[in-house]
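Undergrad: prediction below, plus the sequence it came from.
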Amino acid sequence: MQDIKSSISQMNALELSAQKNTIIHRLQAPVKIITTVIYLLIIISYGQGQVSRLIPCFFYPAVVMALGEIPFKTIAGRLLIALPFSLFAGISNLMFSRETAFILGGIAVTAGMVSFASIMLKTALCVTAVLILIATTDMNGLAYGMLSLRVPPVIVTQIMLTYRYIGVIAEEASVMRHAYLLRAPNEKGIRMKDMGAFLGQLIIRSFDRSERIYNAMKCRGYEGRIAYSDREKISLKGWAYITVTSVFFLLLRFVNVSALVGSLFL
């Protein structure tokens, strides 16, 4: 039960971080969304053999985390959840791409190793950028920001409800696990033979809880769409931030910063 409660508290940590009042938090939500999307596109555009050129891209998230007063531990804990998926995807490249790409210190570096490093770095950069966006913008701000950028309201509604319901289903699982352990005090966890019944009951309880939540939302005037006053216009300061960061991203993409820095020390 403590594991589930700690997971719920970790989920709320990013939302609490979004309530701060820093220079990054005060930026308009559409500005941060556009900047993050541009950054993700730049990172994805790098080839598998451009591992060294990905390293300077850590400068942007590092600066934003410092300006936004985002604890590294908060981001790292969630980053570790995403990395195993890329780890298993990259392992296949290690096994099948064994041709030598270059020699480093007398050690043959294969194309699979280069591809593996590229996948891990891209995952780390992309996930960190998205986590920073969430840690500096609350969910309502993200929703209004996406609506301001003409994202279909249906998609925005699905994202909001999914995000909110994760905590609800986690609480239901915590209550059920606590009840299970009260009936089986000698067990450290849920036995595998009981897992099917546990998940089935969790789904049923989730349907009942979601029905009650929907009825409560209807009582408060919910009509199947997000109500907002007007689309938020991006200010001149916002456009300046987008322009400066975009130029910086393009500079990293088309100028080999790693080679330039390395030539200064060699």
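TA: Looks like it came in fine.
Undergrad: please make it C-alpha for all contacts and neighbour counts, starting now.
TA: OK.
Undergrad: and the gap between residue 131 and residue 171?
TA: 23 Å (C-alpha to C-alpha, to the nearest Å).
Undergrad: between these two, which has more neighbouring residues?
TA: residue 131 (19 against 16; other C-alpha atoms under 10 Å).
Undergrad: does the more buried one sit in a helix, a strand or a coil?
TA: Counting by DSSP: H, G, I helix; E, B strand; the rest coil, the backbone at residue 131 sits in helix.
Undergrad: distance check, it against residue 183.
TA: In terms of C-alpha to C-alpha, residue 131 sits 39 Å off from residue 183.
Undergrad: shaky segments in the protein?
TA: 1-13, 93-109, 111, 224-231, 266 (pLDDT under 70).
Undergrad: ok, residue 181 to residue 120 distance?
TA: Taken as C-alpha to C-alpha, the span from residue 181 to residue 120 is 38 Å.
Undergrad: the more surrounded of these two?
TA: residue 120 (19 against 15).
Undergrad: wait, doesn't that one sit right on residue 88?
TA: No: using C-alpha atoms under 8 Å, residue 120 is not in contact with residue 88; the gap is 10.2 Å.
Undergrad: tell me where the chain has strands.
TA: Secondary structure of the chain by DSSP state E: the strands cover 100-104, 107-110.
Undergrad: stretch 136-145: how far from the chain's middle?
TA: Averaging C-alpha positions (C-alpha atoms, centre = their mean, to the nearest Å) puts stretch 136-145 14 Å from its chain's average.
Undergrad: contact partners of it?
TA: Around stretch 136-145, the neighbours that count as contacts under C-alpha atoms under 8 Å, 6 or more residues apart in numbering are 15, 17-20, 24-25, 28-30, 33, 68, 156-157, 160, 228, 231-232.
Undergrad: just the buried members of these?
TA: Buried members of those, counted by 16 or more other C-alpha atoms under 10 Å: 15, 17-18, 20, 24-25, 28-30, 33, 68, 156, 232.
Undergrad: in TSV, list the residues you listed along with distance to residue 216.
TA: Formatted as TSV, the buried ones among the contacts of stretch 136-145 follow (distance: C-alpha to C-alpha, whole Å):
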residue	distance to residue 216
15	23
17	28
18	26
20	30
24	35
25	31
28	31
29	28
30	30
33	31
68	35
156	20
232	28
